[in-house]
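Trainee: Provided below for reference: sequence and predicted model.
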Amino acid sequence: MTLLPEEIKKDFPLLARTVRGGRPLVYLDSGATSQKPRSVLDAEREFYERHNAAVHRGAHLLAEEATDAFEGARATIAGFIGAVPGEIVFTKNATEAINLVAYSLSNAATAGPQAERFRVGPGDEIVVSEMEHHANLVPWQQLCQRTGATLRWFGITEDGRLDLAELDALVNERTRLVALTHQSNVLGTVPPVEQITARARQVGALVLLDAAQSVPHQPVDVAALDVDFLAFSGHKMLGPSGVGVLWGRRELLEVMPPFITGGSMIEVVRMEGSTFLPPPQRFEAGVPMTAQAVGLAAACDYLSELGMDRVHAHEEALTAYTLEQVGDIPGVRIIGPRSTRARGGTVSFVVDDLHPHDVGQVLDELGVAVRVGHHCAWPICRRFGIPATTRASFYVYNTLADVDALADGIRHAQKFFGTA
Amino acid sequence: MQLESMYQEIILDHYRNPHHKGLREPYEAEVHHVNPTCGDEVTLRVHLEGAGDDARVADVSYDSMGCSISQASASVMSDLVIGRSVKEAMVIGDEFLALMQSRGQAEPDEDVLEDAVAFAGVSKYPARVKCALLAWMAWKDATARALGEAS
């Protein structure tokens, strides 16, 4: 392995604790949320202990230091994904970032001529896929409901890939925006973004990537991706909860109407009406999550030091080992690609005659934390005709021994319920 | 090991051989309940005889999909309520709800709850309480609707 997960584990205080009768914790639920290294916790604490103040206001030293810390965090995070700071909008999480774009599109209807290119209405189409997290599906369903636009979607092939057979028909001259996962949170699938973006460019559609599961796990460079928007959450990438990012092309952000309005985002306010600041401030109403942004920047630094290429290679090795060790257990079926090609470190599976809840309960008893259920991507379960899955998801601190514990636990569950 | 305290033999028996499962006629009300956190689903029908205070549970039939706890609970629930007056059955339902909200602290009354006492161990796991309550909530909802239609 290219990383030393046993060493990395020592940076994460929580991973040293025991669970359920003194058992060591095997944490395989980083797809839901990651654990936090000491450097992130220290960065937040140090901000509160030394520099805390409301940013972009006040004439005192602390306000100046807090603003520097906040804008410094923006620059670090921008660098992490190959962007410029002015294109980084802080949001609560990826969900809010996606909603920001969806609401900006419907607000465009009444926002004046410069927002015209964002208007959607009857006859227009929004394209998503059947493998989206609810966060990148429900906001588009709602946008279509508000505006009269039509929602269309890519299906999923039997082996868990995006079905592109109808690409040219699905993405057509009526398509205004393609919103797609950059890595499925259930299947692990990484769709061929280039091919889809090329088609979107031909027809003049915008492209948004839900990168909540990709930015934490693989090198991401927005310039190379050639998309328009990218959304991700801090808490899934070693950072604090309560902070996420919308990256958008500067020229688009410049003309997009705001979503959440209030203080900090205005230029001039009169009783009759208001004008707004340029981006990113236009999209950051209220006193922002400053300590959390500082913590997220520390997480970016931690990941950069490990090297995202090595993080990706490490998870690929864990995934390959899991597809073997878990996939070969009789009665276990992997839901998603069986190879590591174009695939991330999220492995979902079902066990014959055992409900995922019961598998998860046995694993929990053994100290192995996994996610069970539909993972906020219910249509995937419907597609495969299953009620739910058990999901193991990896990160920098996971070891091959963690995978062994998972496989042992599955066999134990089969034995306990007498199904194998 | 704690697993045995949750997955008691009674629960596993009901899970493997559920009682009263399958949708039947006649019925006055049918409901569909889901557990949105995990996707467990139950479709449940209630057939009542009599009206008002004299209403009796003549039949409860259901079709369901879910974990061992939710499936066993539906089976035990149907055993407990079929043949009883709605009033008596509601009392049992309340007793079961109290047990499930007890976080493992309650001493269940076997005379009232019969096989349902086996779920006492489940109440220690907050994430699984909803599984055990899914069918009971569906039954209460369906019964309220059936009574509403009858009056």
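Mentor: Great, that's in hand.
Trainee: Could you use CA atoms for every contact and neighbour count after this?
Mentor: Will do.
Trainee: Could you check how many residues crowd around residue 46?
Mentor: Since you didn't name a chain, this refers to chain A. 15 (other CA atoms under 10 Å in any protein chain shown).
Trainee: Chain B is the one I meant
Mentor: 29.
Trainee: could you measure it against chain A, distance?
Mentor: According to CA to the nearest CA, to the nearest Å, residue B:46 and chain A sit 25 Å apart.
Trainee: and that residue, what are its bridge partners?
Mentor: The partner list for residue B:46 in beta bridges (DSSP bridges) reads residue B:29, residue B:60.
Trainee: my read: it touches residue B:142, true?
Mentor: Yes. Residue B:46 lies in contact with residue B:142 (CA atoms under 8 Å); the separation is 6.2 Å.
Trainee: can you count the residues close to the closest residue to chain A within chain B?
Mentor: As assessed by CA to the nearest CA, chain A sits closest to residue B:38 within chain B, at 4.2 Å. Residue B:38: 23 surrounding residues under other CA under 10 Å.
Trainee: go on, residue A:18?
Mentor: Neighbours around residue A:18, by other CA under 10 Å: 13.
Trainee: and it, what does it touch?
Mentor: Residues in contact with residue A:18 (CA atoms under 8 Å, 6 or more residues apart in numbering or on different chains) are A:24, A:25, A:367.
Trainee: packing partners for the longest helix belonging to chain B?
Mentor: In chain B, taking DSSP state H as the definition, the longest helix is helix B:126-150. With contacts taken as 3 or more CA pairs under 8 Å, 6 or more residues apart in numbering or on different chains; DSSP states H and E, helix B:126-150 sits against strand B:29-35, strand B:40-49, helix B:68-81, helix B:86-100.
Trainee: Kindly format the C-alpha coordinates of the second one as PDB.
Mentor: Taking C-alpha atoms only, strand B:40-49 is exported to PDB below (Å, rounded to 0.1, in the frame of the first residue of the first chain):
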ATOM      1  CA  ASP B  40     -38.800  -1.100   5.100                       C
ATOM      2  CA  GLU B  41     -42.400  -1.200   3.900                       C
ATOM      3  CA  VAL B  42     -45.700  -2.700   5.000                       C
ATOM      4  CA  THR B  43     -49.100  -2.800   3.400                       C
ATOM      5  CA  LEU B  44     -51.700  -3.700   6.000                       C
ATOM      6  CA  ARG B  45     -55.400  -4.300   5.900                       C
ATOM      7  CA  VAL B  46     -57.800  -4.400   8.800                       C
ATOM      8  CA  HIS B  47     -61.200  -6.100   8.900                       C
ATOM      9  CA  LEU B  48     -63.400  -5.100  11.900                       C
ATOM     10  CA  GLU B  49     -66.700  -6.500  13.000                       C
END
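Trainee: Now do that strand against helix B:126-150, angle only.
Mentor: Computed by axes from the mean of the first three to the mean of the last three CA atoms, to 10 degrees, the angle separating strand B:40-49 from helix B:126-150 equals 30 degrees.
Trainee: ditto for the last one
Mentor: What separates the directions of helix B:86-100 and helix B:126-150 is an angle of 170 degrees, with the same axes, to 10 degrees.
Trainee: mind checking pLDDT for residue B:1?
Mentor: Residue B:1 carries a pLDDT value of 55.
Trainee: hang on, the earlier thing: and the residue of chain B closest to chain A, what's its pLDDT?
Mentor: The model's pLDDT for residue B:38 equals 77.
Trainee: for it, helix, strand, or coil?
Mentor: Three-state call for residue B:38 (DSSP: H, G, I helix; E, B strand; the rest coil): coil.
Trainee: Most neighbours among the contacts of residue A:18, please name it.
Mentor: residue A:367 leads these on contacts (other CA under 10 Å) with 22 neighbours.
Trainee: which residues does residue A:398 contact?
Mentor: Applying CA under 8 Å, 6+ apart, the residues near residue A:398 are A:5, A:6, A:9, A:27, A:28, A:318.
Trainee: For it, give me phi and psi.
Mentor: Main-chain dihedrals, residue A:398, degrees, to the nearest 10: phi -90, psi 150.
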